[in-house]
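Asker: quick one: sequence and predicted model below, then my questions.
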Amino acid sequence: MTERNCVSYTTMIMGLVQKGFWSEGIWVFRDMRWFGVGPNEVTMVNVISAYLHCGGIKVDKMLHGLVLKIGVTGFVHVCTNLLHLYCFRGCLKDASVLFNEMPEKNVVSWNVMLNGYTKAGLVDLGKEVFEQIVDKDVVSWGTIIDGYLQAARLNDAVKIYREMLYTGLRPNDIMIVDFLSTCGQVMSNFEGKQFHGVAVKLGFDLLDFIQATIIHFYAACGAVDLAHLQFEIGNKDHVACWNALIAGLVRNRKINEARDLFDHMPARDVFSWSSMISGYSQSEQPDLALGLFHEMLASGVKPNEITMVSVVSSIASLGTLKEGRWAHDYICKSSIPLNDNLSATLIDMSEYFPDNFMGLNTKLISLSSLSWPMFGLTD
DNA sequence: ATAGGGTTAG
């Protein structure tokens, strides 16, 4: 660095953040602070953005304090980014306080607040925010629609969608993905087919991620032939399309066809391996599941908590204590996060080995985020 | 100069 001033630091931070080098951007920011160079509003926008993507240490309050200290609360970009940071961390209380105090709000600020509520599952609160937006754009509509879809309220989402059409706005590719994905999940054949039609009319079915979602939708509704057809006419360079069809075949109990496709893939990611392993695990072929899991490790793809559910479940049905110990160890050592499903599967496995897994149950229950209904206490 | 929705695995 030639000169340590605000502009040169800010330019450097901005360059790094735009290229996705978040932690490097933060490093430069800390250097800037160390040398006592004062940031401006552009610095703050980029630094907040870097912390947003970096996870790690929670410095939200420090950034907020700094924003107040250097007096840039009047810049709507700065406050909107800060709002985004609070929402992303799940601090909706802090977010709404900031939102109400913001001297200026534009449609992006409103959309960030709206997204904060819907992503937290508070879609009805989100709807209240949505209704107050005077200049709703396609992102505002898409965000509230996705909120209803995530809550599996397909009819409410379609109702809002029609209101949007009436205002003259047209859906974008992301909205179509949201609808088709939910139609697959709740097996709404009728609505899904119509959104497929919308996608074709708007030319979105040329996009690879839409193609993968269409395959997923048809397979989830049991229309394997239509899923196959979309795969055949689509872009086979996109690994998600292969994954969607493999998962669809597995779901429809066509495990050998799935394996054939899996063997002919140009590249396999964690989705491909997990789908195939879960296919064997669910079709009572735990030995094949574990064999494939070891091939996965050898190929260098790192398993995650979803892969490990199938692996642990397969080990439980084989009753091989040594493998069970190894898998439990592997999960701890690789810091694979325990979700409800994986905790339950580990507890289930431990019951096959009562003597050797003494104490594991209580440890897991206290460590995990297991919801009480899983224990049947509410029924 | 700087900002906001998303897909495929259980």
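Answerer: Structure's in. What do you need? Predicted model only: the values in this text are computed from it and were never measured.

Asker: now for chain A, the helix or strand with the poorest mean pLDDT.
Answerer: The weakest-scoring helix or strand in chain A, judged by mean pLDDT, DSSP states H and E, is helix A:360-367 (a mean of 53).

Asker: give the contact list for A:R259.
Answerer: A:R259 sits next to A:276, A:279 when contact means C-beta atoms under 8 Å, 6 or more residues apart in numbering. Every residue, glycine included, has its C-beta placed from N, CA and C.

Asker: so which strand or helix has it?
Answerer: helix A:255-263 (DSSP states H and E).

Asker: list the buried residues in that helix.
Answerer: A:255, A:257-259, A:261-262 (16 or more other C-beta atoms under 10 Å).

Asker: looking at those, which is nearest A:H238?
Answerer: A:L261 (14.0 Å; C-beta to C-beta).

Asker: surely that closest one touches A:G248?
Answerer: No: contact between A:L261 and A:G248 fails when scored by C-beta atoms under 8 Å: they sit 10.0 Å apart.

Asker: ok, and the closest non-adjacent residue to A:V250?
Answerer: Closest residue to A:V250 apart from its sequence neighbours, by C-beta to C-beta, 6 or more residues apart in numbering: A:G279 at 3.7 Å.

Asker: my read: that neighbour touches A:G248, true?
Answerer: No: with contact defined as C-beta under 8 Å, A:G279 does not reach A:G248; the gap is 10.8 Å.

Asker: so who does the spatially most central residue of chain A touch?
Answerer: Geometric centre of chain A, nearest residue: A:K119, 10.7 Å, by C-alpha atoms, centre = their mean. By C-beta under 8 Å, 6+ apart, A:K119 lies in contact with A:87, A:147, A:150.

Asker: how many neighbours does the first one have?
Answerer: Spelled out, that is A:C87. Applying other C-beta atoms under 10 Å, we find 24 other residues in the vicinity of A:C87.

Asker: ok, it to A:I145 distance?
Answerer: 18 Å (C-beta to C-beta, to the nearest Å).

Asker: please apply the same query to A:P337.
Answerer: On the measure of C-beta to C-beta, A:P337 and A:I145 end up 29 Å apart.

Asker: how about A:F353?
Answerer: In terms of C-beta to C-beta, A:F353 sits 48 Å off from A:I145.

Asker: out of the two, which sits in the busier spot?
Answerer: Per other C-beta under 10 Å, whichever of A:F353 and A:I145 has more neighbours is A:I145, with 25 against 17.

Asker: and the pLDDT for the more buried one?
Answerer: A:I145 is assigned a pLDDT of 97 by the prediction.

Asker: nearest residue to it other than its sequence neighbours?
Answerer: Using C-beta to C-beta, 6+ apart, the closest residue to A:I145 is A:A157 (4.9 Å).

Asker: ok, residues contacting the helix or strand hosting that neighbour?
Answerer: Using DSSP H and E, A:A157 maps to helix A:154-167. Residues outside helix A:154-167 that contact it (C-beta under 8 Å, 6+ apart): A:136, A:138, A:141, A:144-145, A:148-149, A:171, A:175, A:179, A:182-183, A:186, A:188, A:191.

Asker: which residues of the stretch 1-150 of chain A lie near DNA strand B?
Answerer: A:7, A:10-11, A:14, A:18, A:40-42, A:45-46, A:49, A:75-78, A:80-81, A:84, A:106-109, A:111-112, A:115, A:119, A:137-140, A:142-143, A:146 (C-beta under 7 Å from any atom of the strand).

Asker: same question for the stretch 151-300 of chain A.
Answerer: Residues of the stretch 151-300 of chain A lying near DNA strand B (C-beta under 7 Å from any atom of the strand): A:172-175, A:177-178, A:181, A:184-185, A:207, A:209-210, A:212-213, A:216, A:220, A:239-240, A:243-244, A:247, A:250-251, A:270-271, A:274-275, A:278, A:282.

Asker: which residues does whichever residue of the stretch 1-150 of chain A sits closest to DNA strand B contact?
Answerer: Here the residue of the stretch 1-150 of chain A nearest DNA strand B is A:G142; by C-beta to the nearest atom of the strand that distance is 2.7 Å. Contacts of A:G142 were listed using C-beta under 8 Å, 6+ apart, and they are A:171-172, A:174-175, A:178.
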